[in-house]
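Trainee: please work out how this folds:
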Amino acid sequence: MKYDIIVIGSGPGGYVAAIRAAQLGRKVALVERAEAGGVCLNWGCIPTKALLKSAQVYGYCKAAAQYGLELTGEVKPDLRQIVARSRTVAETMSKGVQFLLKKNAVELIHGFGRLTAPGRVDVDGTEYEADHIILATGARPREMPFLPIDGQRVISSRQALALDRMPQSMVVVGSGAIGCELAWFYATLGVKITVVEYMPRMLPLEDEEVSKTMERAFRKLRATVLTSTTVKGVRTTDTGCEVEIEGKKGAETLTADVVLSAVGIKSNIEGIGLEELGIAVERDKVTVDAFYRTSVPGIYAIGDIVGGPALAHVASAEGICCVEAICGLDPAPVDYSTVPSCIFTHPEVASVGETEQQLRERGVAYKVGRFPFTASGKATAAGDRDGFVKLLFDEQDRLLGAHLIGATVTEMLAEPTLARALGATAHRIARTIHAHPTMNEGIMEAAEAALGQAIHL
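Mentor: Numbers count the residues shown, from 1 in each chain. Below is the predicted model of the structure:
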């Protein structure tokens, strides 16, 4: 069968690309070997947030007395029920993607898609043709030689989302977004957590002050955080794991029921025909231009298999840009300097643009506007005063970066992201009326602070 466009992979890059192509009048097929919606909807972003919400509610129940509430009886987490709710949420969203595909007349083809020639895709023995083929095959948890995943004692994020029993202790290797979110989830439920990070601080890609605040938050949960620490190996037994590490105190052996490997992701580029067609690949990533064209005409690649940030919303933006370029709409290339990033721990982390460290390394002069949530009426009323808003401006007062940590800051990030994209100044942000009382006032007040005009409490 012949199509205008075939997309391989139905994650947030693939399904968005397919729907946008259909909206532009193209005949589209979407190939998926597993559940519609890809890893994000089924085994990543969405089910993780469902688990985290359950942990947050449990935390509120334990703190009920602080809000003048009396709960009779003991509140206990039921991991099986928490996981079951998470799976229901994921299934609901996957069905929503299937509905959108059907509504937009995108044909969903189930099976493993593989390039056999320019313009040709084999799906489990059936061949399809298309003028344009978009690869959106995503990524999977990376497995390191010193930390082989067996799915039982040494697990990846996928197994961590669906454990059938609550471990008493867990070592989490890696403190990026995935490691921190799952560590926070299990620590909140009462699991003894030890986070091991190779870099000198948690969340090594975030603002240094944000990292320090997050470390304090984990220690409040009685979790152990070991930075500048290397994992040398792991031994599994019938009762648990022994993790050999080397850090600031020298060599040590940690014991735990389970070890979670959260050391990054690996692109799904094997077996899809790249080598056979001579498609250029560098460092595990498909080489593409600004509109996601590969080295072979008519074949494109987006999402986690190309060089941009491995984030769902980035894949979606790339998919739209790619399809609109194919259809002759002359879209602007994706602006990677304004990519927002969110981590859904408690407190949450949200950031966009450059950090102070990056600006110093580039020799860029900047000024800082900072507002602590201890001074926020809304945060104080909510009982969530940890964290701050930090805005970075250049010498012309244009926003260079925003770094937030605190309750609900992921919902606040769109404003500084838009401000950076539009080149907004500190004065413009400070003079934009923000509703009171809201957490979002922190954006306005940080801008005021950068101008030396801090006014509000």
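
Trainee: got a list of what S54 touches?
Mentor: P77, I82, R85, S86 (C-beta atoms under 8 Å, 6 or more residues apart in numbering). For glycine as for every other residue, the C-beta is placed from the backbone atoms N, C-alpha and C.

Trainee: flag every buried residue along the helix or strand hosting it.
Mentor: Here S54 sits within helix 45-62, counting by DSSP states H and E. Within helix 45-62, the residues scored as buried using 16 or more other C-beta atoms under 10 Å are 45-56, 58.

Trainee: ok, stretch 71-79 next?
Mentor: P77, L79.

Trainee: residue contacts, Y58?
Mentor: Per C-beta under 8 Å, 6+ apart, neighbours of Y58: V75, P77, T188, L189.

Trainee: to clarify, my last question referred to K192.
Mentor: K192 is in contact with Q168, S169, M170, R222, A223, A256, counting by C-beta under 8 Å, 6+ apart.

Trainee: closest to A365 out of the contacts of S54?
Mentor: The nearest member of the contacts of S54 to A365, counting by C-beta to C-beta, is S86 at 46.4 Å.

Trainee: which residues touch the helix or strand hosting the closest one?
Mentor: Counting by DSSP H and E, the element that carries S86 is helix 79-103. With contacts defined as C-beta under 8 Å, 6+ apart, helix 79-103 is touched by 10, 15, 18-19, 30, 35-37, 41-43, 46-48, 50-51, 54-55, 108, 161-166, 189.

Trainee: if we go to 6 Å?
Mentor: The contact list for helix 79-103, computed with C-beta atoms under 6 Å, 6 or more residues apart in numbering, reads 15, 19, 35-37, 41-42, 46-47, 50-51, 54, 108, 162, 166.

Trainee: equivalent analysis for stretch 208-227, please.
Mentor: Residues contacting stretch 208-227 (C-beta under 6 Å, 6+ apart): 187, 193-197, 200-203, 247, 347, 349, 403, 405.

Trainee: so which of those residues comes closest to K2?
Mentor: Using C-beta to C-beta, the contacts of stretch 208-227 come closest to K2 at V349, 46.7 Å.

Trainee: would it be right to say that that closest one lies in a strand?
Mentor: Yes - membership of V349 in a strand is supported by DSSP: H, G, I helix; E, B strand; the rest coil.

Trainee: what's around it, how many residues?
Mentor: Neighbourhood size, V349 [other C-beta atoms under 10 Å]: 28.

Trainee: what does C321 give?
Mentor: A count of neighbours around C321, defined by other C-beta under 10 Å, yields 21.

Trainee: that one and A332 touch, don't they?
Mentor: No - counting by C-beta atoms under 6 Å, C321 does not reach A332; the two are 7.8 Å apart.

Trainee: intersection of neighbour lists for those two?
Mentor: Taking C-beta under 6 Å, 6+ apart as the contact rule, C321 and A332 have no neighbour in common.

Trainee: ok, back up a step: just the buried ones from the contacts of stretch 208-227?
Mentor: 187, 193-197, 201-203, 247, 347, 349, 403, 405.

Trainee: can you give me the distance of Y336 to R153?
Mentor: Per C-beta to C-beta, to the nearest Å, Y336 is found 38 Å from R153.

Trainee: those two: which has the busier surroundings?
Mentor: Between Y336 and R153, R153 has the larger neighbour count (other C-beta under 10 Å), namely 19 against 12.

Trainee: is the closest residue in space to that one that isn't next to it in sequence bridged to anything, and to what?
Mentor: Nearest in space to R153, with sequence neighbours left out and distances taken as C-beta to C-beta, 6 or more residues apart in numbering, is T236 at 4.2 Å. T236 has these beta-bridge partners by DSSP bridges: C241.

Trainee: and what of E348?
Mentor: Applying DSSP bridges, one finds that E348 bridges with G406.

Trainee: now for the contacts of Y58, which pair is the farthest apart?
Mentor: Across the contacts of Y58 (C-beta to C-beta), the longest gap, 12.3 Å, separates V75 and T188.

Trainee: picking up where we left off before, okay, the angle between the helix holding S54 and helix 79-103?
Mentor: Put simply, helix 45-62 runs at 140 degrees to helix 79-103, going by axes from the mean of the first three to the mean of the last three C-alpha atoms, to 10 degrees.

Trainee: keeping just the C-alphas, turn helix 45-62 into PDB.
Mentor: What follows is helix 45-62 as a C-alpha-only set of coordinates in PDB (Å, rounded to 0.1, in the frame of the first residue of the first chain):
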ATOM      1  CA  CYS A  45       6.000  10.500  31.700                       C
ATOM      2  CA  ILE A  46       2.400   9.800  32.400                       C
ATOM      3  CA  PRO A  47       2.400   6.700  34.600                       C
ATOM      4  CA  THR A  48       5.300   8.200  36.600                       C
ATOM      5  CA  LYS A  49       3.200  11.300  37.300                       C
ATOM      6  CA  ALA A  50       0.300   9.100  38.500                       C
ATOM      7  CA  LEU A  51       2.600   7.300  41.000                       C
ATOM      8  CA  LEU A  52       4.000  10.700  42.200                       C
ATOM      9  CA  LYS A  53       0.500  12.000  42.800                       C
ATOM     10  CA  SER A  54      -0.300   9.000  45.000                       C
ATOM     11  CA  ALA A  55       2.900   9.700  46.900                       C
ATOM     12  CA  GLN A  56       2.000  13.300  47.300                       C
ATOM     13  CA  VAL A  57      -1.500  12.500  48.600                       C
ATOM     14  CA  TYR A  58       0.100  10.100  51.100                       C
ATOM     15  CA  GLY A  59       2.400  12.800  52.200                       C
ATOM     16  CA  TYR A  60      -0.500  15.200  52.700                       C
ATOM     17  CA  CYS A  61      -2.300  12.600  54.800                       C
ATOM     18  CA  LYS A  62       0.700  12.100  57.100                       C
END
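
Trainee: numbering from 41 from now on, please.
Mentor: Understood, numbering begins at 41; the last thing we discussed is helix 85-102.

Trainee: burial of V211, as a residue count?
Mentor: 28.

Trainee: show the average pLDDT along stretch 53-61.
Mentor: Averaged over stretch 53-61, pLDDT sits at 98.

Trainee: TSV for the buried residues of helix 85-102, including distance to E255 and pLDDT?
Mentor: Formatted as TSV, the buried residues of helix 85-102 follow (distance: C-beta to C-beta, whole Å; pLDDT from 0 to 100):
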residue	distance to E255	pLDDT
C85	24	93
I86	27	96
P87	26	96
T88	21	97
K89	23	97
A90	26	97
L91	22	98
L92	19	97
K93	23	97
S94	24	98
A95	19	97
Q96	20	96
Y98	22	96
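
Trainee: a markdown table for the residues you listed, including distance to I345?
Mentor: What follows is the buried residues of helix 85-102, written out as a markdown table (distance: C-beta to C-beta, whole Å):
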| residue | distance to I345 |
| --- | --- |
| C85 | 18 |
| I86 | 21 |
| P87 | 22 |
| T88 | 21 |
| K89 | 24 |
| A90 | 27 |
| L91 | 27 |
| L92 | 27 |
| K93 | 30 |
| S94 | 32 |
| A95 | 32 |
| Q96 | 33 |
| Y98 | 37 |
